[in-house]
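Chemist: my questions concern the predicted model and sequence given below.
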Number of protein chains: 2
Amino acid sequence: MDYPGPGMNMTQCNPSHNCANCPSRQTTEWRDLTGAELALVDQAKQTRMFDPGTTLYDQGDEGGGIHCIQSGLIGLRRLDEDGNSALLRLCSGGTTIGYRAYLTKEAHLNWAEVMTPSIVCFIERSYVTRLLAANLQLGERFLQHAIEDLSEVESDYARSMTRSMKSRFLHVLMVFYEQLGYRDDTGSPTVELPIKRGELAEMIGAQPESISRLIRQVQMEGLLQIDDRRVQIHDMEAVLRKAGVTF
Amino acid sequence: MDYPGPGMNMTQCNPSHNCANCPSRQTTEWRDLTGAELALVDQAKQTRMFDPGTTLYDQGDEGGGIHCIQSGLIGLRRLDEDGNSALLRLCSGGTTIGYRAYLTKEAHLNWAEVMTPSIVCFIERSYVTRLLAANLQLGERFLQHAIEDLSEVESDYARSMTRSMKSRFLHVLMVFYEQLGYRDDTGSPTVELPIKRGELAEMIGAQPESISRLIRQVQMEGLLQIDDRRVQIHDMEAVLRKAGVTF
DNA sequence: GACGCGCCTTGATCTTGGTCATGTCGGCTG
DNA sequence: CAGCCGACATGACCAAGATCAAGGCGCGTC
């Protein structure tokens, strides 16, 4: 595991820090653990740095415990029998993944691939079990997480059945803008995409060539401009409308 | 509300029965309630019979409480801004729906339409809250339900991105066969579809015409035979393979 | 510098599925 | 019985994307 190089878009964190001062903890299930419980997690967790392209767990692996992303970007992929892969979701710092396989005691249904240099903690099954028994709110937090994931996937699913590639493409751009967007020097809404073209394609069930064509098309329509991974939105109104985003 | 007519494929149930002897209760979240808790549900619940085409709740409605399907078939639909509708899921007896809106205190994201004559109980928010406080296992049951729904929707979502219409069509037929299938006099695997063509189309994000064409196509390939709503599977092996079902 | 490689783009062509128009069948109603 | 309506089927045509093939560009390595 190399230390992530300069220029990478990630929070620089000391991997040997403890949970009590983890910048991401407040958005995780662990947010209402007591000091003693937190100390248990600290003692139990294995913190590691991962390079892009590496794997946290494979589809079919036994779900030994829970991964807690401190920083970076993790993609959850699903592979079907014919080798087609879909990128179901991207998870960044402050998210736990693998909780479903833990709770059902079944194998992972997805495959977790590191997309950008990441720091991820792993908490082994037996410790999670102890924590769940000790802290009743923890179970509620997992329920809440499951419900949020469910809402989001269900929306994505409905969208995949009713909207065109273009609409879905614009939608993922808007999701990235919501998470990472800013205004550039000229005041234009701008966002740096964290993933490459082929991965964008996998997010909407398209081929990479279609993404290229969609980019050209929406640029010619004057909706936005994409250079490399920088997206400048020129007509936010129209983009939101075509993406099917409600106000 | 008329009493469902003869010939409909539904469990005949006295709508004024109590939960303790409800045939569907063992598969619901209420399965481990105590006698006293069950009595509370009995007192609180409103049981009604619904005709096909009627609505349990609309997308956007406030999620007042939880619906518990005793018998019949309920479709959960999602409508987008342009009026396109997707049939996300079918729920039958022994399932609770609307728990997400209850738990998040937000509006229903979907729209629940009655597909076949159904008997459905409604339990008002305040009673569910009392039950959740009284019985800790109940929360776990909802967590379990959310996780099962999540797994299923995620699989459907991945399938919608990676597989063709034909594969997805065969897949829904297999799901129906799994739930309702039987062997006819000649021993052929057979299933009576509970919904019409247009609704099959909505389940896979297609148009009704495409379903007609798919039917003709798979019949000509010798995979199966469909007359009206009766499906006879001739080559189960091939159907399962093309549906992407793993053994 | 030459080469290879990954990522991206583009064009040509083909396939899939959508759209539109029309027709049939069966059941229901005046 | 005539007329109507909803569900389904079918054909002709069109459009959105996939597929296949080729090439450009940036970057690391020998």
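Modeler: Great, that's in hand.

Chemist: mind listing what residue A:34 touches?
Modeler: Each residue near residue A:34 by CB atoms under 8 Å, 6 or more residues apart in numbering or on different chains is listed here: residue A:135. Glycine gets a C-beta too; all of them are placed from N, C-alpha and C.

Chemist: quick one, strands of chain A?
Modeler: Counting by DSSP state E, chain A has strands at residues A:46-50, A:55-57, A:65-79, A:85-92, A:95-97, A:111-124, A:182-183, A:189-192, A:224-227, A:230-233.

Chemist: could you redo these as a markdown table and give each row mean pLDDT and mean neighbour count?
Modeler: Putting these into a markdown table (pLDDT from 0 to 100; neighbours: other CB atoms under 10 Å in any protein chain shown) gives the following:
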| stretch | mean pLDDT | mean neighbour count |
| --- | --- | --- |
| strand A:46-50 | 93 | 18 |
| strand A:55-57 | 95 | 19 |
| strand A:65-79 | 95 | 23 |
| strand A:85-92 | 97 | 21 |
| strand A:95-97 | 96 | 22 |
| strand A:111-124 | 95 | 21 |
| strand A:182-183 | 96 | 10 |
| strand A:189-192 | 96 | 18 |
| strand A:224-227 | 96 | 16 |
| strand A:230-233 | 96 | 18 |
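
Chemist: indicate which one of those strands is closest to DNA strand C.
Modeler: Each of the strands of chain A was scored for nearness to DNA strand C using CB to the nearest atom of the strand, and the closest is strand A:224-227 (6.7 Å).

Chemist: which other residues reach that closest one?
Modeler: Judged by CB under 8 Å, 6+ apart, the contacts made with strand A:224-227 from elsewhere in the structure are A:173, A:215, A:218-219, A:231-235, A:239.

Chemist: do stretch A:102-111 as well
Modeler: Applying CB under 8 Å, 6+ apart, the set of residues contacting stretch A:102-111 from outside is A:55, A:57-66, A:76-79, A:88, A:98, A:100-101, A:125, A:128, A:142, B:143-144, B:147, B:151, B:154-155.

Chemist: again with stretch A:137-154
Modeler: Outside stretch A:137-154, the residues within contact range by CB under 8 Å, 6+ apart are A:29-33, A:88-89, A:96, A:99-100, A:103, A:131-132, B:78, B:88, B:100, B:103-104, B:109-110, B:139-140, B:142-143, B:146-147, B:149-150, B:153-154, B:157.

Chemist: let's see that with 7 Å instead.
Modeler: Residues lying outside stretch A:137-154 but in contact with it, judged by CB atoms under 7 Å, 6 or more residues apart in numbering or on different chains, are A:29, A:32, A:99, A:103, A:131-132, B:88, B:100, B:103-104, B:109, B:139-140, B:142-143, B:146-147, B:149-150, B:153-154, B:157.

Chemist: buried subset of these?
Modeler: A residue is treated as buried here by neighbour count (16 or more other CB atoms under 10 Å in any protein chain shown); on that basis the buried members of the contacts of stretch A:137-154 are A:29, A:99, A:103, A:131-132, B:88, B:100, B:103, B:109, B:139-140, B:142-143, B:146-147, B:149-150, B:153-154, B:157.

Chemist: and residue A:179, how many neighbours does it have?
Modeler: Using other CB atoms under 10 Å in any protein chain shown, residue A:179 has 11 neighbouring residues.

Chemist: any residues of chain A in contact with DNA strand C? List them.
Modeler: For chain A, the contact set with DNA strand C under CB under 7 Å from any atom of the strand comprises A:196-198, A:208-209, A:211-213, A:215-216, A:226, A:229.

Chemist: so can I have JSON lines of those residues showing distance to residue A:38?
Modeler: Conversion of these to JSON lines gives the following (distance: CB to CB, whole Å):
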{"residue": "A:196", "distance to residue A:38": "37"}
{"residue": "A:197", "distance to residue A:38": "41"}
{"residue": "A:198", "distance to residue A:38": "40"}
{"residue": "A:208", "distance to residue A:38": "44"}
{"residue": "A:209", "distance to residue A:38": "49"}
{"residue": "A:211", "distance to residue A:38": "43"}
{"residue": "A:212", "distance to residue A:38": "48"}
{"residue": "A:213", "distance to residue A:38": "50"}
{"residue": "A:215", "distance to residue A:38": "46"}
{"residue": "A:216", "distance to residue A:38": "51"}
{"residue": "A:226", "distance to residue A:38": "43"}
{"residue": "A:229", "distance to residue A:38": "37"}
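
Chemist: for the strands of chain A, give me TSV that also has distance to residue B:181.
Modeler: What follows is those, written out as TSV (distance: least, CB to CB, whole Å):
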stretch	distance to residue B:181
strand A:46-50	45
strand A:55-57	35
strand A:65-79	26
strand A:85-92	28
strand A:95-97	36
strand A:111-124	32
strand A:182-183	55
strand A:189-192	49
strand A:224-227	49
strand A:230-233	49
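
Chemist: so which of those strands gets nearest residue B:48?
Modeler: Proximity of the strands of chain A to residue B:48 was assessed by CB to CB; the nearest stretch is strand A:85-92, lying at 37.8 Å.
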